[in-house]
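Visitor: Here is a sequence with its predicted model. Questions after.
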Amino acid sequence: MHHHQHSLPRPAPSSRLSRRTDHRALTLLALAPLLACADPVEGAGFDATDSDSDASATSESADSGRPPVDDDTTGGASTGDADSDATGTFGDASTGFDAEPPPEPEPEPPPEPEPTPCPPLLNPPQHCGDGEVEPGELCFQAPTIYGVAPGLSALGLADITADGQLDVITASQTQHRVAVLHGIGGGALAASDAALISPEDEDTLYAAGPVGLAVGDLFGLDPAADVITTNQYTNNWTVLLGTGGPPTPLEFATILDVEAKPRQAALARVDDDLRGDLVLASVTPTGGRIDLFNAELGWTTLEVPPAIAPDLVAVAELDGDTSARELVIANTAHRSLTVLGVDPEDGALWVRGTSSPLSAGPPVALTAVDLDGDGLDSVVIAHAFSHCDVEDPPDSCAPDRVSVYDDLLAGDDALDDEHQSYLAGHGVASITSGDINGDGVPDLIAGNEVSADLTLMLGDGAGGFTACEQRPHGHAPGALHVAVGDLNGDEIADIVTAHPIESTVQTRLAWP
């Protein structure tokens with residue numbers, strides 16, 4: 001690998017940048033320690049001008065977004081939807097991380113308690129469309145389907161075009177692009193130009209195979225959200241900046257490389273400066289590492305052993321100290337959950353506690369949300385409890401699980417393993433939150449690949465749930481991505497699902 005190490009002055013504070021070129025220059029200055037000229041993927045066989053969406057195209061090699069649940073002695077699991085072997089079509093994109101440390105003996109997890117009962121939703125809904133939210137009622141309008149590029153591998157929601165409307169962001173693992181369906185009002189979406197995740201070059205890719213998206217405002221300097229892609233084929237990340245509007249809502253800024261295998265990125269506010277902070281989770285031959293970027297403090301890094309090497313990462317408020325939130329990382333192979341502290345003075349990271357092996361199974365998705373209104377986030381995990389695969393008949397497997405840790409951070413040297421476990425569908429692959437019934441209380445939404453449905457869990461405002469349901473999404477079993485947000489401005493969250501096999505995105509607008 002060839003790296004450009006820069007010694008650049010910290011940019012002067014700015015209330016707002018009037019030109020996107022200035023924003024890009026600031027990005028390069030601030031991110032300088034990790035800027036890299038990655039080893040290119042020669043002859044990648046892509047057309048740099050082909051960004052058309054085709055709803056009839058067949059998705060290429062987009063199997064499942066779930067990390068594998070077999071033992072991975074690097075402490076990590078594959079992040080993305082395709083085989084991590086980058087040879088063949090994309091040439092040899094090895095970055096020297098094939099060697100694995102010897103496996104460590106893993107303690108047996110405790111037996112998982114019986115799942116907490118959750119009452120069913122009203123079926124059928126009694127008064128959909130009357131504008132009144134009733135207990136146990138959950139209504140949606142007929143879905144709208146949009147075609148996207150083949151190789152669909154990730155989904156996000158954010159206001160990229162800075163017009164107050166949420167936009168739908170998708171990544172194509174095979175076309176190495178990020179596309180935006182921008183909101184045009186009333187929950188409708190319109191296509192715009194896709195952004196290549198690598199500098200434009202006819203024959204060479206320096207970033208390839210995006211399998212994950214993090215969305216948010218990286219610097220807090222303008223209203224347009226930015227995008228970070230996790231690139232599987234080249235083992236790096238790409239920074240794309242929101243331009244503020246179509247026809248080209250995203251522009252390439254730079255590539256980041258930490259000489260490790262990227263797993264997941266998060267773009268969220270860690271401290272109280274109201275700017276988005278960037279968290280990069282990756283695995284190395286000897287364990288894993290977390291890199292945190294703060295616009296004021298720069299970069300800090302923490303290396304961790306294999307048992308807690310991060311496959312998943314989330315930002316959460318766990319102890320009530322709003323000067324710095326915590327980072328929650330999960331390891332699939334070792335079934336571990338770890339909380340990292342962040343020093344608000346210098347950004348230093350340290351381990352505050354690690355759980356015993358998770359009894360509900362390997363974690364495959366992670367989020368954090370305040371379910372009971374106490375100002376502290378609950379940590380929510382989707383677990384591969386049954387190890388179901390798409391080829392398995394759903395009735396041959398036990399349902400997977402969703403677990404809720406309401407008070408995870410019990411102290412600086414231990415985590416509180418007490419949790420509530422709920423039934424999901426088969427092949428759970430994602431978990432997110434939002435108020436989907438308009439009662440002002442966060443709800444949970446999980447996407448299930450094998451049973452081809454969504455697990456909808458309506459929050460009761462006290463950390464529990466008033467009703468739960470498995471609701472079919474109308475597509476064949478297979479890879480599935482889920483996001484939640486208010487698409488039409490009615491202050492009720494809507495559901496967006498992405499279906500790689502059909503190369504489509506589907507929106508469901510809430511209809512109380």
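Guide: Thanks, I have the structure now. Fair warning: this is a prediction, and the values are worked out from it, not measured in the lab.
Visitor: would Glu132 count as being in a strand?
Guide: No. Under the criterion used here (DSSP: H, G, I helix; E, B strand; the rest coil), Glu132 is coil, not part of a strand.
Visitor: Just give the number of residues close to it.
Guide: Using other C-beta atoms under 10 Å, Glu132 has 9 other residues around it. For the C-beta atoms, the positions are set from N, CA and C on the backbone; glycine is no exception.
Visitor: contacting residues for it?
Guide: By C-beta atoms under 8 Å, 6 or more residues apart in numbering, the contact set of Glu132 is Pro512.
Visitor: again, but for Pro210
Guide: Pro210 makes contacts with 153-154, 171-173, 176-178, 197, 229-232, 238, as judged by C-beta under 8 Å, 6+ apart.
Visitor: now Phe140
Guide: Phe140 is in contact with Asp494, Ile495, Arg508, Leu509, Ala510, Trp511, counting by C-beta under 8 Å, 6+ apart.
Visitor: Identify the farthest-apart pair in the residues you listed.
Guide: The span of these, defined through C-beta to C-beta, is set by Ile495 and Trp511 at 11.6 Å.
Visitor: Of those two, give the one with the bigger neighbour count.
Guide: More crowded of Ile495 and Trp511, by other C-beta under 10 Å: Ile495, with 25 against 18.
Visitor: what's the pLDDT at the residue nearest to Gly288 when sequence neighbours are not counted?
Guide: Excluding its sequence neighbours, the residue lying closest to Gly288 (C-beta to C-beta, 6 or more residues apart in numbering) is Ala309, at 2.8 Å. Note for Ala309: predicted pLDDT of 96.
Visitor: Kindly report the same for Pro33.
Guide: What the model reports as pLDDT for Pro33 is 58.
Visitor: next one: the one 5 residues further on
Guide: In the prediction, the pLDDT value recorded for Ala38 is 46.
Visitor: Same check on Asp47?
Guide: Per-residue confidence (pLDDT) for Asp47: 40.
Visitor: and what of the one 4 residues further on?
Guide: The predicted local confidence for Ser51 comes out at a pLDDT of 38.
Visitor: Any regions of the stretch 201-350 of the chain where pLDDT drops low?
Guide: For the stretch 201-350 of the chain, applying pLDDT under 70 flags the ranges 202, 274.
Visitor: what's Leu240 in contact with, if anything?
Guide: With contact taken as C-beta under 8 Å, 6+ apart, Leu240 is in contact with Val178, Ala195, Ile197, Asp226, Val227, Ile228, Thr229, Leu250, Glu251, Phe252, Ala253.
Visitor: try it again with 7 Å
Guide: Val178, Ala195, Asp226, Val227, Thr229, Leu250, Glu251, Phe252, Ala253 (C-beta atoms under 7 Å, 6 or more residues apart in numbering).
Visitor: what number of residues lie near the closest residue in space to Gly427 that isn't next to it in sequence?
Guide: Counting by C-beta to C-beta, 6+ apart, Gly427 lies nearest to Val450, which is 3.0 Å off, once chain neighbours are set aside. By other C-beta under 10 Å, 27 other residues sit near Val450.
Visitor: Surely Val450 touches His426?
Guide: Yes. Contact between Val450 and His426 holds when scored by C-beta atoms under 7 Å: they sit 3.9 Å apart.
Visitor: Stretch 304-323: end-to-end distance?
Guide: 24 Å (C-alpha to C-alpha, to the nearest Å).
Visitor: Stretch 266-284 now?
Guide: End-to-end distance for stretch 266-284: 19 Å, by C-alpha to C-alpha.
Visitor: Could you pull out the buried residues of it?
Guide: 266-271, 275-284 (16 or more other C-beta atoms under 10 Å).
Visitor: In strands, which of those residues appear?
Guide: Those of the buried residues of stretch 266-284 mapping onto strands are Ala266, Leu267, Ala268, Asp277, Leu278, Val279, Leu280, Ala281, Ser282, Val283, Thr284, per DSSP state E.
Visitor: Mind putting these into TSV with distance to Asp343?
Guide: Shown next, in TSV, are those (distance: C-beta to C-beta, whole Å):
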residue	distance to Asp343
Ala266	18
Leu267	20
Ala268	17
Asp277	13
Leu278	17
Val279	15
Leu280	18
Ala281	19
Ser282	21
Val283	24
Thr284	23
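Visitor: Out of these, which comes closest to Ala214?
Guide: Using C-beta to C-beta, Leu267 is the member of these that lies nearest Ala214, at 4.1 Å.
Visitor: Surely Pro119 and Ala467 touch.
Guide: Yes. Contact criterion C-beta under 7 Å: Pro119 and Ala467 qualify, at 5.1 Å.
Visitor: any common contacting residues for these two?
Guide: With contacts taken as C-beta under 7 Å, 6+ apart, Pro119 and Ala467 have Gly136 as neighbours in common.
Visitor: I'd like to know how many residues surround the residue nearest to Asp273 when sequence neighbours are not counted.
Guide: In this structure, Asp273 finds its nearest non-sequential neighbour in Glu296, 6.1 Å apart by C-beta to C-beta, 6+ apart. For Glu296, the neighbour count with other C-beta under 10 Å is 12.
Visitor: in stretch 484-492, what's buried?
Guide: Within stretch 484-492, the residues that count as buried by 16+ other C-beta under 10 Å are Val484, Gly485, Asp486, Leu487, Asn488, Asp490, Ile492.
Visitor: name the helices or strands packed onto the helix or strand hosting Thr466?
Guide: According to DSSP states H and E, Thr466 maps onto strand 465-472. Applying 3 or more C-beta pairs under 7 Å, 6 or more residues apart in numbering; DSSP states H and E, one finds that strand 465-472 makes contact with strand 453-459.
Visitor: Off-centre distance for the strand it packs on?
Guide: Relative to its parent chain, strand 453-459 has a centroid offset of 18 Å by C-alpha atoms, centre = their mean, to the nearest Å.
Visitor: Same question for stretch 223-238.
Guide: Distance, centroid of stretch 223-238 to centroid of chain: 11 Å (C-alpha atoms, centre = their mean).
Visitor: Now the terminal residues of that stretch, how far apart.
Guide: Length of stretch 223-238, first residue to last, C-alpha to C-alpha: 20 Å.
Visitor: Please identify the buried residues of it?
Guide: 224-238.
Visitor: Stretch 170-189 now?
Guide: Using 16+ other C-beta under 10 Å as the test for burial, stretch 170-189 gives 170-183, 187-189.
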